[in-house]
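Undergrad: pasting the sequence and the predicted model now:
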There are 2 protein chains.
Amino acid sequence: MTELLWGNQPAPSRGPKPAVTLAAIAEVAIRIADTEGLDAVSMQRIAGELPVTKMALYRYVPGKTELVAVMSDLAMGGPPDRPELPWREALRTWAMDLYEGFTKHPWLLQSTIGRRLLGPNELAWMERGVAALTSTGLSGGEQLDSILVITSHVRNIAQQSTTFPGHSTGLTEEDMQQALGTILSTESDRFPHLTAAMRTSPGSENQGLEFGLDRILDGLDLLIQRQGGRT
Amino acid sequence: MTELLWGNQPAPSRGPKPAVTLAAIAEVAIRIADTEGLDAVSMQRIAGELPVTKMALYRYVPGKTELVAVMSDLAMGGPPDRPELPWREALRTWAMDLYEGFTKHPWLLQSTIGRRLLGPNELAWMERGVAALTSTGLSGGEQLDSILVITSHVRNIAQQSTTFPGHSTGLTEEDMQQALGTILSTESDRFPHLTAAMRTSPGSENQGLEFGLDRILDGLDLLIQRQGGRT
DNA sequence: AAGTAATTGTGTCCGATGGACACAATAATG
DNA sequence: CATTATTGTGTCCATCGGACACAATTACTT
């Protein structure tokens, strides 16, 4: 499995030439997931767009789980190159880049959850994250925890703002807002503060990303200053 | 669907007595999910533990999606009663209670993602969250964004710390750490900061929850003070 | 009391899924 | 030329969510 993700295949000499490559399989799978959602990615479907049958895919990948892992790391890609910046700006653009990646491939939010083996690209993202924090005086554990908080925030904001192709419950953002509205109006006595908050809320938007990010960065800044770290 | 979640069924008069109830179905489903994971919850499996057949369940629920929604809101439960506290402590215990809920039913992390209709219990949690922030002078939108950040953090911490029954890739936390270790040792030149950070890291734990929570609360505190809010 | 209408439970059937497995075709090596 | 490792194919299976027709049950109406 590690070999699959990191591309360390022994390269056999005997036997017929492979008709496809792991990369080609992953690319097809990614394209399907991008356009029709992760649930539309089946072995049949993939094989249908390649000069092989379904079962041939199992020569390249032990199972669907592993295939999803490979395509995930590939779709995620590495973090884009950015000019060196002070830690706060560096971390902010890092978060924004990450957000963009998740909006470009929304299904990554489904496929990269829970305990899993990490691929080279995912590790590269982490590397860039902690790199931004090395000069702050935070300990290793604090650095890791910091980028974890930011990642969580970015992920969950992306999750609720992007619309999933396929698999979704078929709910528009409007549907949800409307249903919530009618409930809150008929049941407003049970949720007084919530109704009040939603009434004064502008009703949107991706300011949620900015807001949380600013709070977290403020909190980190405070900790760094308190520990006498430099920028 | 809203009727299902909020328990507003018209109660028919004609016809035979129902052999089971929606609540009973949900309870069985919850028990299965708790012990064997969400993927083990199938209509067959549920019916097997009830005096009905699989297809009879569809008299109580339009489809599996809706059933999962119902069992999710039920398992989540409402927020526990807590004495009134200043906003920071209130929000902290709120987050801890939420965390406990997710560790008690890890599958909630899978079932309550993306756009979905909100049940009474989920709304009750939100109500408690914003209630803690009403006296801070934050706007409605800011209050909602605040509890969203905290929820995200709690969720993702719970996600990586709890072990999923079934469905998991069968990876122990040790397996992951070990695989990561070997990769970082053979590939340490590609990830210098990351390897350094992981070397000085104590290797664990749920201090990740505390750390991120403290940063977020610090950031909120700063914003509140900046706006001249009172505690 | 008898019949009508609404509602519940059952059984059968379907398409799609991931995967096991045996087998034939292909290429490099001895 | 024969051996051997490797690739691709076809068949088969259990499981899943769900559609649908049909029988059984109960309350309401006449």
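TA: That came through fine.
Undergrad: got the CA positions of stretch A:128-143 in PDB?
TA: Included here for stretch A:128-143 are C-alpha records, laid out as PDB according to Å, rounded to 0.1, in the frame of the first residue of the first chain:
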ATOM      1  CA  ARG A 128       4.600  23.600   4.000                       C
ATOM      2  CA  GLY A 129       2.400  24.300   7.000                       C
ATOM      3  CA  VAL A 130       4.900  23.500   9.700                       C
ATOM      4  CA  ALA A 131       7.600  25.300   7.700                       C
ATOM      5  CA  ALA A 132       5.700  28.500   8.100                       C
ATOM      6  CA  LEU A 133       5.800  28.100  11.800                       C
ATOM      7  CA  THR A 134       9.400  27.100  12.400                       C
ATOM      8  CA  SER A 135      10.600  30.600  13.200                       C
ATOM      9  CA  THR A 136       7.900  31.300  15.700                       C
ATOM     10  CA  GLY A 137       9.400  29.400  18.600                       C
ATOM     11  CA  LEU A 138       6.500  27.000  18.900                       C
ATOM     12  CA  SER A 139       7.300  23.400  19.800                       C
ATOM     13  CA  GLY A 140       7.000  20.700  17.300                       C
ATOM     14  CA  GLY A 141       3.800  19.500  18.800                       C
ATOM     15  CA  GLU A 142       2.300  23.000  18.900                       C
ATOM     16  CA  GLN A 143       3.200  23.400  15.200                       C
END
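Undergrad: can you give me the buried ones in it?
TA: A:128-133, A:136, A:138, A:140-143 (16 or more other C-beta atoms under 10 Å in any protein chain shown). Heads up, the C-betas are built off the backbone N, CA and C, glycines and all.
Undergrad: need the longest helix for chain A.
TA: The longest helix of chain A (DSSP state H) is helix A:140-161.
Undergrad: that helix vs helix B:140-161, what angle?
TA: Here helix A:140-161 runs at an angle of 120 degrees relative to helix B:140-161 (axes from the mean of the first three to the mean of the last three C-alpha atoms, to 10 degrees).
Undergrad: avg pLDDT for helix A:140-161?
TA: In this model, helix A:140-161 has a mean pLDDT of 95.
Undergrad: and that helix with chain B, contact?
TA: Yes: using C-beta under 8 Å from any C-beta of the partner chain, helix A:140-161 reaches chain B at A:140-146, A:148-149, A:151-153, A:155-157, A:159-160.
Undergrad: helices or strands up against that helix?
TA: helix A:87-104, helix A:108-111, helix A:120-131, helix A:207-226, helix B:140-161, helix B:192-200, helix B:207-226 (3 or more C-beta pairs under 8 Å, 6 or more residues apart in numbering or on different chains; DSSP states H and E).
Undergrad: starting at the chain centroid, how far to the following helix or strand past that helix?
TA: Proceeding N to C from helix A:140-161, the next assigned helix or strand is helix A:173-186, under DSSP states H and E. Taking the mean C-alpha point of helix A:173-186 and that of its whole chain, the gap between them comes to 28 Å (C-alpha atoms, centre = their mean, to the nearest Å).
Undergrad: same thing with stretch A:199-219?
TA: On C-alpha atoms, centre = their mean, the centre of stretch A:199-219 falls 19 Å from the chain's centre.
Undergrad: avg pLDDT for it?
TA: 86.
Undergrad: buried set for that stretch?
TA: A:208-209, A:211-219.
Undergrad: so which of those is the closest to DNA strand C?
TA: DNA strand C lies nearest to residue A:209 out of those, by C-beta to the nearest atom of the strand, at 32.3 Å.
Undergrad: thought the closest one was touching residue A:99?
TA: Yes: the criterion here is C-beta atoms under 8 Å, and residue A:209 meets it with residue A:99 at 6.4 Å.
Undergrad: just to revisit the earlier point, which of the buried residues of stretch A:199-219 are close to chain B?
TA: Applying C-beta under 8 Å from any C-beta to the buried residues of stretch A:199-219, those adjacent to chain B are A:208, A:211-212, A:214-219.
Undergrad: closest to DNA strand D out of the residues you listed?
TA: residue A:208 (31.0 Å).
Undergrad: and the residue lying closest to residue A:123 once chain neighbours are set aside, how many neighbours?
TA: For residue A:123, ignoring the flanking residues on the chain, the nearest one in space by C-beta to C-beta, 6 or more residues apart in numbering or on different chains is residue B:191 at 5.8 Å. The tally of other residues near residue B:191 (other C-beta atoms under 10 Å in any protein chain shown) stands at 21.
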